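Engineer: following is a predicted model, sequence given first.
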Amino acid sequence: MIIKEIDLFKGIDHEVMNAMANICSEKPYAEGAVIFEKDEEADRLYILVEGTVKLKITNGGSITYTLSDLGDIFGWSCMVESGHYTASVICATDSKVIEIKREALDKIFNLYPHAGIQILKRLAGVFSKRITNSYQDLLSARRTETTPSYG
């Protein structure tokens with residue numbers, strides 16, 4: 001299965017990968033389909049196989065991330081205690097994703113805690129990269145503003 005090629009799982013023990021392959025399901029989505037909405041119960045982790053999805057985060061304003069690379073991860077909220085998605089995901093094109101149910105993933109992490117820690121550290125890297133990109137976008141936007149007038 002394609003998950004063996006994804007950075008999130010590289011170097012993970014063969015036994016764990018076999019268990020992971022057994023809990024993954026591949027699902028197609030049509031352009032315009034909503035995979036999940038912000039504030040829905042986060043019950044699945046998603047891995048992009050093909051296509052393009054838009055991750056939209058809203059809270060007064062909005063930020064949109066475009067994910068189009070094999071192995072892009074979304075729906076990570078299922079891995080944290082809040083248990084609700086923090087963004088909405090809409091298919092910008094026909095797309096195919098791998099879905100992994102939270103309960104099944106939790107069982108594997110309980111059976112193989114070392115692998116679970118490795119995967120969670122890699123997920124933290126994904127979050128860190130997105131946050132860093134957001135900070136850079138905000139700083140770039142501020143640089144283009146004119147100097148405020150105080151008079």
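Structural biologist: Thanks, I have it.
Engineer: can you pull out the strands in the chain?
Structural biologist: 24-29, 34-36, 44-50, 53-59, 61-67, 73-74, 88-91, 95-101 (DSSP state E).
Engineer: nearest to Ser140, out of the ones you listed?
Structural biologist: strand 61-67 (13.2 Å; CB to CB). (C-beta placed from N, C-alpha, C; glycine too.)
Engineer: pairing partners for the closest one, with directions?
Structural biologist: strand 53-59 (antiparallel) (DSSP bridges).
Engineer: do you know which of the strands of the chain lies nearest Glu81?
Structural biologist: Closest among these, using CB to CB: strand 44-50, at 14.8 Å.
Engineer: what residues of that closest one count as buried?
Structural biologist: Of the residues in strand 44-50, Arg44, Leu45, Tyr46, Ile47, Leu48, Val49 count as buried by neighbour count, 16 or more other CB atoms under 10 Å.
Engineer: CA atoms of it as PDB?
Structural biologist: Taking Å, rounded to 0.1, in the frame of the first residue of the first chain, the C-alpha atoms of strand 44-50 are listed here in PDB:
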ATOM      1  CA  ARG A  44     -10.300  10.200  11.100                       C
ATOM      2  CA  LEU A  45      -6.800  11.100  10.000                       C
ATOM      3  CA  TYR A  46      -6.500  11.700   6.200                       C
ATOM      4  CA  ILE A  47      -3.600  11.200   3.800                       C
ATOM      5  CA  LEU A  48      -3.800  12.700   0.300                       C
ATOM      6  CA  VAL A  49      -3.100  10.200  -2.400                       C
ATOM      7  CA  GLU A  50      -4.100  12.300  -5.500                       C
END
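Engineer: please enumerate the helices of the chain.
Structural biologist: Per DSSP state H, the chain carries helices over the ranges 14-23, 102-111, 113-143.
Engineer: I'd like the ones you listed written out as a markdown table, with mean pLDDT added.
Structural biologist: Below are those laid out as a markdown table (pLDDT from 0 to 100):
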| stretch | mean pLDDT |
| --- | --- |
| helix 14-23 | 92 |
| helix 102-111 | 94 |
| helix 113-143 | 80 |
